[in-house]
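Chemist: below: sequence and its predicted model.
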Amino acid sequence: MIAVALHGAGLRLGEHRILQPLDLTIAVGECVAVIGPSGAGKTSLLRVIGTELRSEGAVALWQQDPWALTSRARQRLRSRIGRVWQQPPLPASQLVLTAVLAGRLGQWSLVRSLYSLLRPYDAAGAKAELARLGIADKWQQRCGELSGGQ
């Protein structure tokens, strides 16, 4: 199954092109790195994929055009997308497990989210994701103890 499909997706800000039109296909479960110099359009690309910005061309997420959906359906689609930015940093005292579970907040009710702060909900799922990334042993550490890459 295809998670992301971009065809001719590009962005303009007035007269300035901030993202050259591009085609990109990412399969479910595929890991992709976006690298390039400052100003190359990496963040703009991620904002297009995250449906924060509407681009030229065609965008499909899990075979759905996000801009053809109602705002509520688009929000449900967005809840399946998680991003972790290096800046600003995670709170140094926050546990890695809590930081990983924060990616699920868009899928949980307010009550479940607050409860998870006291007793982490789906700790097993978070540990499995950490294992997939090769850092399963870090789940009880504080974020401030990790390297930037971790």
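Modeler: Yep, that arrived.
Chemist: following the lowest-mean-pLDDT helix or strand in the chain, which helix or strand shows up next?
Modeler: The helix or strand of the chain with the poorest confidence is helix 110-118; it has a mean of 89 (mean pLDDT, DSSP states H and E). Downstream of helix 110-118, the next assigned helix or strand under DSSP states H and E is helix 123-132.
Chemist: where does the prediction get shaky in the chain?
Modeler: 85-89, 148 (pLDDT under 70).
Chemist: show me where it has its helices.
Modeler: 42-49, 71-78, 96-101, 110-118, 123-132 (DSSP state H).
Chemist: and H7, what does it touch?
Modeler: Listed by CB atoms under 8 Å, 6 or more residues apart in numbering, the contact set of H7 reads 23, 57-58. From N, CA and C alone the C-beta is placed, and that goes for glycine too.
Chemist: domain assignment for the protein?
Modeler: The chain breaks down by the TED database into domains covering 2-80, 96-145.
Chemist: Throw those into CSV and include distance to L90, thanks.
Modeler: Below are these laid out as CSV (distance: least, CB to CB, whole Å):
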stretch, distance to L90
domain 2-80, 18
domain 96-145, 4
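Chemist: could you list the buried residues of stretch 2-12?
Modeler: 3-6, 9-11 (16 or more other CB atoms under 10 Å).
Chemist: repeat for stretch 81-101
Modeler: In stretch 81-101, counting by 16+ other CB under 10 Å, buried: 81, 90, 95-101.
Chemist: gap between the two ends of that stretch?
Modeler: Stretch 81-101 has an end-to-end distance of 13 Å (CA to CA, to the nearest Å).
Chemist: closest to R112 among the buried residues of stretch 2-12?
Modeler: A3 (24.9 Å; CB to CB).
Chemist: which ones are touching the closest one?
Modeler: So A3 contacts 26-28, 30, 61-62 (CB under 8 Å, 6+ apart).
Chemist: put the buried members of these into a ChimeraX selection.
Modeler: To isolate the buried ones among the contacts of A3 in ChimeraX, judged by 16+ other CB under 10 Å, type:
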select :61
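Chemist: please narrow the contacts of A3 to those residing in strands.
Modeler: Among the contacts of A3, the ones falling in strands (DSSP state E) are 26-27, 61.
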